[in-house]
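S.K.: Quick one, structure for this:
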Amino acid sequence: MLMLRGYVHSEILADHRVRGGVATGQVPAEVLEGGPVLDTRGERATSLGVPDHSLVLTFDDGPDPTWTPKVLDVLKKHRAHAVFFVTGTMTSRHPELVRRMVAEGHEIGLHTFNHPDLSFQSQRRIDWELSQNQLAIAGAAGIRSSLFRPPYSSFADAMDDASWPVTEYVGTLGYLTVVNDTDSEDWRRPGVDRIIRNATPEDGEGAIVLMHDSGGDRSQTVRALDTFLPRMQEEGYRFQTLTQALDAPSANTPVTGPDLWKGKAWVFMVQASDRLTDGLVVVLAVIGVLVLSRFGLMLVLSGAHAHRVRREGFRWGPVPVTEPVSVLVPAYNEATCIENTVRSLRDSEHPIEIIVIDDGSSDGTARIVEDMGLPNVRVVRQLNAGKPAALNRGVANARHDLIVMMDGDTVFEPATVGELVQPFADPRVGAVAGNAKVGNRDSMIGAWQHIEYVMGFNLDRRMYDMLRCMPTIPGAVGAFRRSALERVGGMSDDTLAEDTDITMALHRDGWRVVYAENARAWTEAPESVQQLWSQRYRWSYGTMQAIWKHRRALVERGPSGRFGRVGLPLVSLFMVVAPLLAPLIDVFLLYGLVFGPTEKTVAAWLGVLAVQAVCAAYAFRLDRERMTHLISLPLQQILYRQLMYVVLLQSWITALTGGRLRWQKLRRTGVVEAAPGAVPQRQGTGTTARERGHVV
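M.R.: Prediction:
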C-alpha cells in the first residue's frame, strides 16, 4: 500500500526534468504558424484554431481537492464550460471531482499520469503514462478521452525538435494534442487584474486559454474567473468545451466492459492505499507519542524508585527479615546446569533450605544433585507434569513461610536470597521480583538480550513498582509469601506464563508486588535464533493468555479493579499492542530511504534511536552495568527487534485462531557459573571475575 501511495503521489518513478530550448528545424511551418489544436493522426499534420467569440478555458494539473471545487462552482454559477486536463495521479486520488466535471458538462483531457516532460521519455514510457492516465479517468468517470496536452507545453510556435516527435507519436495513438494560444500566467500569481488581461483575446478572436486548478494556491485564479466570465459573456463570448467550439463529436466516450472494471479496481486500490496509509501515519504518530511517553514515564519513575530504595536509612519494615527461606528449583533435564545452580545456593548468606523438584527428568538431573551430598538440599521426584505442578509440589514440601523460586539454569549471588526477601518486612508485600541478568552476554545475541533485560525488563519493573502494577515476577528470581500463594490457589497451568499469571492474581488479591534491584540472578539466555524464538513465542503467547484470563479485573472493584484499570491496560498496550505496531517506524524508514525525503527520515529515525539510547544508558547506569554493550544498540534495533515483532505476530495469530502451544524446553549449555560477589564467568576461562576487575 505504501508503494502504491508513493506511485500515485509521484514519489516513485517521477521524473522532474524539464528540457530547455531546442531547435525547430524538424517542425512543419504550418504547425509553428498554425492554431493550438494539433492533429497528427493522419499522414499529414494539421492545426486548428477556435472560431471568433469562442473561448475554451483549459485547466491543467488537477483535480485538486481545494481549488477544483471552487473553479467548478464559478463555472456553474456563470453557466460556462471548460476542458480539464487531468493527471492520472490526481484523478486516482480525487475521482469524485472528475465525475463532477463530466456531470456538469465539462470535457476531460489527458495530462499524463505523473506529469513528466515526455521529450525525455521513451515510447514505452509515453504509452505507460497515457494508458495509466486513461485507466484513472475510466475508473473515476467511466469515460476515455482523445484530448491530450503535454506537460510543460506552451504555444504552437514553441514546438521544437524535442517535443514534435512526441506529438507525432501521440497522434498515431489516436490523440489530438491541445496546446494554447492565450496564457493567463495564473501559475505566476501575478494578481487578479493581470490574470484577466492575460486571458483576454484581442478584437473578438477565439482562443484556448491556459489556466490551472492545481499545483499551488489558486485563489487568484478563482477570483479572476468570477470577474472574467461575466465580463466576456457581456462582450458576446461563449465559453465552450473544445469539441463544442470546433463543432465536432465529443472527445469523451463511455467505457464499458473489462476496461471499466479495471479502472474502477484501480481507483478503489488507490483510495484504499491512501486511507490505509493515512491511517498508518496516524497510528505511527500515536505509537510515537505512546513510546516517548513511556520512555519519559520510565525515566521519571525508575529514577524515583532508585532514589527511594537507595536513600540512606531506607528499610522495608521496622526490622530486617532474617527468618529461613525455602528455595525451590524446578528442574526438567537440567543436567548441564543444575550443579552450578545448587552450588550458588550453597554459598547463600541467608539461611535457606534447597528443594530441587525433578519433574520427570531423563538425564539424571536428580542423581547429580543427590551425589553432591550437600546439607539442607532435598530432591523431590515426580512424574513429568510441568513447571507449575513442580512448583506447587515444592511449596507443599517447603518448611518455611517465605518461598523463593528460581529456574534450574540460574545462579544466585551469595546476597541474592537475603536481598530478595527483605521487602517482606512490609506485611503488605506478597511477592518480590528480583533482578534477572544475562550471564552469557559474550555473543551478539547474548549482548542484545542483555540490553533488553537491563532496559526492557528491569527499568520497566522499577516503573511498574512505583505504579503498583508490576505484571511479571521473573521465573528466574522471585519470592512469595506462602499465605499469598495459598490465597490465590498456587501456581496455575492455565497459561504458558505461570509467572505472569501468578503476579496478576496476587495484585487482584490485594497484595503488593515490589522489585528488589540488588537481588541479582544470572541466567543463561538462548544462544541461537531458534531457541530465542521458542522462548519469546511462549512468553508472548503466555502473556496474552494471562491478560485474557484476568480480563474481568477491568470491571471489578477494590484491588482487582485497580489493577484491571491501571495494570492490564498498561501491560496490554506496552507489551502486546504497541510492539506489534512499532514496526511502522522501520517500514517508514525503509520507504523514506528509498523514496524520500531521505534526510528527514533518517533524522527522525536517529531521533527515536537517540531517545532509546538515553533510556538504555540511564538503565545501565542504574544497574551499574558497563556502557560498552550499548555499542550494539543500533544493530539491535534493526535486526533483533524485527525478530521480536514476528514472534509477537505469530503469538497473535495463534491466539486469534485458537491454536494451542505446548511448553517448549530450551536446550542449555551450562555456560554460566556462580562467582561470589562478582559477575559470573564462562566455563573454562580459568580466571575469576574479580581477577578480571569486574566486580558487581
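S.K.: in the stretch 501-650 of the chain, which spans are helices?
M.R.: For the stretch 501-650 of the chain, the helices defined by DSSP state H, counting those that start in this stretch occupy 529-549, 558-562, 568-571, 578-581, 583-595, 598-622, 633-635, 641-656.
S.K.: so how many other residues sit close to the residue nearest to residue 194 when sequence neighbours are not counted?
M.R.: What sits nearest to residue 194 in space, not counting adjacent residues and going by C-beta to C-beta, 6 or more residues apart in numbering, is residue 185, at 7.4 Å. Quick note: C-beta positions are derived from backbone N, CA and C, even for glycine. Residue 185 has 16 neighbours, counted by other C-beta atoms under 10 Å.
S.K.: would you list every one of the helices in the stretch 1-150 of the chain?
M.R.: Per DSSP H, counting those that start in this stretch, the stretch 1-150 of the chain carries helices over the ranges 2-8, 29-32, 67-77, 88-93, 95-103, 123-141.
S.K.: Who are the packing partners of the shortest one?
M.R.: Counting by 3 or more C-beta pairs under 8 Å, 6 or more residues apart in numbering; DSSP states H and E, the packing neighbours recorded for helix 29-32 are strand 46-48.
S.K.: List the single closest residue to the residue nearest the centre of the chain in space, sequence neighbours excluded.
M.R.: Central residue of the chain (C-alpha atoms, centre = their mean): residue 584, 1.4 Å from the mean position. Of all residues not flanking residue 584 in the chain, residue 284 sits nearest, at 4.6 Å (C-beta to C-beta, 6+ apart).
S.K.: for residue 370, same thing?
M.R.: residue 379 (5.6 Å).
S.K.: helices or strands up against the helix or strand where that neighbour lies?
M.R.: Residue 379 belongs to strand 377-382 when elements are defined using DSSP states H and E. On a contact count with 3+ C-beta pairs under 8 Å, 6+ apart, strand 377-382 meets strand 352-359, helix 365-372, helix 387-397.
S.K.: State which helix of the protein is the longest.
M.R.: In the chain, taking DSSP state H as the definition, the longest helix is helix 257-310.
S.K.: hmm, who's touching stretch 301-316?
M.R.: 422-426, 429, 459, 462-463, 465-467, 515, 517, 618-619, 622 (C-beta atoms under 8 Å, 6 or more residues apart in numbering).
S.K.: Mind doing that once more with 10 Å?
M.R.: 421-426, 429, 432, 458-467, 514-518, 615, 618-619, 621-623 (C-beta atoms under 10 Å, 6 or more residues apart in numbering).
S.K.: likewise stretch 630-646?
M.R.: 444-445, 447-452, 454-456, 529, 532-533, 536-537, 540, 579-583, 585-586, 589, 605-606, 608-609, 612-613, 616-617, 619-620, 629.
S.K.: how long is it end to end?
M.R.: End-to-end distance for stretch 630-646, by C-alpha to C-alpha, to the nearest Å: 23 Å.
S.K.: Tell me how far that stretch lies from the chain's centre.
M.R.: 14 Å (C-alpha atoms, centre = their mean, to the nearest Å).
S.K.: do the same with stretch 340-353
M.R.: For stretch 340-353, the distance to the chain centre is 46 Å (C-alpha atoms, centre = their mean).
S.K.: for it, how far is the first residue from the last?
M.R.: 16 Å.
S.K.: about what we covered before: the helix or strand following the longest helix of the chain pairs with which strands, parallel or anti?
M.R.: With elements assigned by DSSP H and E, the helix or strand that comes after helix 257-310 is strand 325-331. Each strand paired with strand 325-331, and its direction, by DSSP bridges: strand 352-359 (parallel), strand 402-405 (parallel).
S.K.: just to revisit the earlier point, can you turn the buried part of the contacts of stretch 301-316 into a PyMOL selection?
M.R.: With 16 or more other C-beta atoms under 10 Å as the criterion, this PyMOL line picks the buried residues out of the contacts of stretch 301-316:
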select buried, resi 421+422+423+424+429+432+458+459+460+461+462+463+464+465+466+514+515+516+517+518+615+618+619+622+623
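S.K.: where along the stretch 151-300 of the chain do the helices fall?
M.R.: 164-172, 192-199, 219-234, 242-245, 257-310.
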